[in-house]
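Asks: Output the structure for:
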Amino acid sequence: MTKRLGSDILKDIEIAKDIFQREDMAIVVVKNGKEVFKSKDRGIKPIYILAKEMKEEAFGASIADKVIGKGAALICGYLGIKEVHASLMSKEGEIILNKYNIPYTMDKSCPYIMNRDKNDYCPIEKLSMGIEEPEVFLSRVEEFFASIKNME
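Replies: Numbers count the residues shown, from 1 in each chain. Take a look at the predicted model:
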C-alpha cells in the first residue's frame, strides 16, 4: 500500500525509514501507509513485543530497525514482514531474510552483531545460534527476559 505525501507516492518502507530517522527511533513498523508500532527501546525487546502482542497487525508490514541480526530476522520471518531496512545488519540476518524472501536494505553490514562493550557476540546473537525456527527462538528470548527479571 502507498501513501501520498504532497505529489509523491511513498511505499511503507519509505514511510518507516522517514519516521525512523526523523524521530530517532530504534524501530518503526508501517503497514498500508500507517504507523503500526514504534519504539526507542534498544535490543530485541521491541520486535519481541511486536511478535508476542501484535502479530496480526505486523503481518505484511515494513520495518525500519537500528539492528537486524539473526534473531530479529527470524522474528521478521515469523511475523510475515514485507520489507526491512536496517542501519546495521549481520550476515546471518541477511541469510535468514533471504530464506524468507523478505527484501531488505541496510546502511552497514557486519559479520555478526556485537555486545554493547564491543568485545563479544551480542547475547541475543548468541541465543540465536543453531536455531532455524522462529518459535524456538521466541521461547529462548522469553526465557532470557525471565532470567534477567529474576536477577533484578
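Asks: which residues touch residue 39?
Replies: Neighbour list for residue 39: 25, 26, 27, 45, 46, 49 [criterion: Cβ atoms under 8 Å, 6 or more residues apart in numbering]. For every residue, glycine as well, the C-beta is placed using N, CA and C.
Asks: Next, count neighbours for the closest residue to residue 80 other than its chain neighbours.
Replies: Computed as Cβ to Cβ, 6 or more residues apart in numbering, the closest residue to residue 80 that is not its neighbour in sequence is residue 59, at 4.3 Å. The tally of other residues near residue 59 (other Cβ atoms under 10 Å) stands at 13.
Asks: roughly how far apart are residue 59 and residue 109?
Replies: Distance of residue 59 to residue 109, computed by Cβ to Cβ, to the nearest Å: 27 Å.
Asks: how about the helices of the protein, start to end?
Replies: Here the chain has its helices, by DSSP state H, at 12-22, 45-53, 55-58, 70-79, 91-99, 123-128, 134-151.
Asks: among these, which is the most enclosed?
Replies: helix 70-79 (a mean of 26; mean count of other Cβ atoms under 10 Å).
Asks: now that one and helix 134-151, what's the angle there?
Replies: Using axes from the mean of the first three to the mean of the last three Cα atoms, to 10 degrees, the direction of helix 70-79 lies 120 degrees away from that of helix 134-151.
Asks: export helix 70-79 as PDB, just CAs?
Replies: Extracted as PDB, the C-alpha positions of helix 70-79 are listed here (Å, rounded to 0.1, in the frame of the first residue of the first chain):
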ATOM      1  CA  LYS A  70      19.800 -13.400  13.000                       C
ATOM      2  CA  GLY A  71      17.300 -13.300  15.900                       C
ATOM      3  CA  ALA A  72      15.500 -10.200  14.700                       C
ATOM      4  CA  ALA A  73      15.500 -11.600  11.100                       C
ATOM      5  CA  LEU A  74      13.900 -14.900  12.400                       C
ATOM      6  CA  ILE A  75      11.200 -12.800  14.100                       C
ATOM      7  CA  CYS A  76      10.600 -10.900  10.800                       C
ATOM      8  CA  GLY A  77      10.100 -14.200   9.100                       C
ATOM      9  CA  TYR A  78       7.700 -15.300  11.900                       C
ATOM     10  CA  LEU A  79       5.700 -12.100  11.500                       C
END
